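# Based on what follows, work out the 3D shape:
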Amino acid sequence: MQTINISLPAKLQDQANSLVQEGHFASFSDLVRTAIRDLLGKSQYDLWADEAKQELKKGVVRSYKTKRTISKYLSQI
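I've put the predicted structure just below:
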């Protein structure tokens, strides 16, 4: 197995360490491996849904009400 170094904001590291301390993961490495596997296993539709949820939280919402606007959007992606 290969070792890598990553930089994390302090808050994210604290949250990750809490998950390990609470027993959700055997180690920080286990948490990272699980997160990467989960992300790689997601379909493109899952990723789009996650992106839409983030945009909704930020107040950036796109609305496509006609076939023309939907087709235009789909042709751009």
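# And Q44, how far from I77?
Separation of Q44 from I77 (Cβ to Cβ, to the nearest Å) stands at 10 Å. In short, each C-beta sits where N, CA and C put it, glycine included.
# Kindly report the same for L12.
Distance from L12 to I77, counting by Cβ to Cβ: 29 Å.
# Likewise for W48?
9 Å.
# how many neighbours does M1 have?
When neighbours are counted by other Cβ atoms under 10 Å, M1 registers 4.
# try the one 10 residues further on
With neighbours defined by other Cβ under 10 Å, the count for K11 comes to 8.
# how about the strand or helix carrying it: buried residues?
Element membership of K11, judged by DSSP states H and E, is helix 10-21. Of the residues in helix 10-21, those with enough neighbours to count as buried (16 or more other Cβ atoms under 10 Å) are A16.
# As a quick check, tell me the outermost residue of this structure.
Among residues of the chain, the one most distant from the C-alpha centroid is R68; the distance is 30.0 Å, by Cα atoms, centre = their mean.
# Please, where are all the helices along this protein?
Remark: helices assigned in the chain by DSSP state H are 10-21, 28-41, 44-58, 67-76.
# now those helices in TSV, with distance to Q2 and mean pLDDT?
Compiled in TSV, those are given as follows (distance: least, Cβ to Cβ, whole Å; pLDDT from 0 to 100):
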stretch	distance to Q2	mean pLDDT
helix 10-21	20	97
helix 28-41	11	93
helix 44-58	26	87
helix 67-76	38	88
